[in-house]
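*Asks:* everything below, folded, please.
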Amino acid sequence: MSSPAPLEILYDPACGDDLPLPGDLRELYGRLQFPSSGSRPYVIANFVTTLDGVVSLGIPGTTDGDAISGGDKHDSMVMGLLRSVADAVIIGAGTLSHSPGHLWTPEYVFPALEGSYRDLRSRLGKQRWPVCAVVTARGELDPDLAVINEGNAALLIITTPEGEKRLSRKKMPSHVQVVTAGGGDRLSVREILDAVRQAIPGAETFLVEGGPRLIGQFVDGGELDELFLTLSPRLAGRDGHSERLGLISGVRFLPERVVAGRLNGIRKSGSHLFLRYSFAP
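*Replies:* Residues are numbered from 1 along each chain as shown. Alright, predicted model coming up:
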């Protein structure tokens, strides 16, 4: 996969300190800044959506992002960039089951920039790959998943006591760590974040990549700092026979509660828009 042309920057206000992007990444994306989050890691999310608001096609075993984005190189490049600055990539079990062959590393989504992504992580003082943190309350994971058997990056499975019992019956490789959080049958966003923080001392940035129910928990709990949203020109449609989720699922805001982002950036490539929104704690 060759590198694409630089993104066109339409709006890019100052919002913190410049990250030390290698030359080719800075040429492709422009500057990337994050504000200080104080004593806790900065939490960002990355999604791609169709024009009609679909982020998941509801088809098991398919890679929704490629179908929705049209395999856009810039979307893949930005995904790799955000993974490069993250100490952990947090995903739900549903996202994992829909992408059984996926590895949550920067170079997996954009191999041509592997050296630059690795250089950036080195400049930031981070380990070779971000930790992949999978949230599963029930502990029902397929032991044949690529992230369990093929990945070199550390895999952190966050589950409940009942989920831990299920997982204990499965033999896991040495790079897999199972962490029990909370004492009930569900996991709160605070329990999830605490578990990842304890597993990665000194972590500065967490990246949430889905799915809609998990990101809904983060927004509902006031724990999402920024959203990087790729707006694809494609339309997905809904026919009522399968569930096609939007960005947020499992929680309702309007009209009872207003949750609104502040526009922090706009970039463009062809008919794709790369939007960035920040959220108040």
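*Asks:* when you work out contacts or count neighbours from here on, use the C-alpha atoms and nothing else.
*Replies:* Noted.
*Asks:* wait, what's in contact with residue 261?
*Replies:* 277, 278, 279, 280 (C-alpha atoms under 8 Å, 6 or more residues apart in numbering).
*Asks:* now the second one. Nearest residue, chain neighbours left out?
*Replies:* Setting aside the residues directly before and after it, residue 278 is nearest to residue 226 in space (C-alpha to C-alpha, 6 or more residues apart in numbering), at 4.2 Å.
*Asks:* wait, that neighbour sits on residue 37?
*Replies:* No - using C-alpha atoms under 8 Å, residue 226 is not in contact with residue 37; the gap is 11.3 Å.
*Asks:* tell me how many other residues crowd the residue nearest to residue 278.
*Replies:* Residues lying near residue 226 (other C-alpha atoms under 10 Å) number 23.
*Asks:* which residues does it contact?
*Replies:* Counting by C-alpha under 8 Å, 6+ apart, residue 226 touches 43, 44, 45, 276, 277, 278, 279.
*Asks:* on that earlier part again, possible to save the contacts of residue 261 as CSV with distance to residue 256 and pLDDT?
*Replies:* CSV is the format used below for the contacts of residue 261 (distance: C-alpha to C-alpha, whole Å; pLDDT from 0 to 100):
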residue, distance to residue 256, pLDDT
277, 21, 98
278, 21, 97
279, 18, 95
280, 18, 85
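*Asks:* let me have the residues you listed in CSV, extended by distance to residue 145, neighbour count and secondary structure.
*Replies:* Putting the contacts of residue 261 into CSV (distance: C-alpha to C-alpha, whole Å; neighbours: other C-alpha atoms under 10 Å; DSSP: H, G, I helix; E, B strand; the rest coil) gives the following:
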residue, distance to residue 145, neighbour count, secondary structure
277, 33, 18, strand
278, 33, 18, strand
279, 34, 18, coil
280, 36, 12, coil
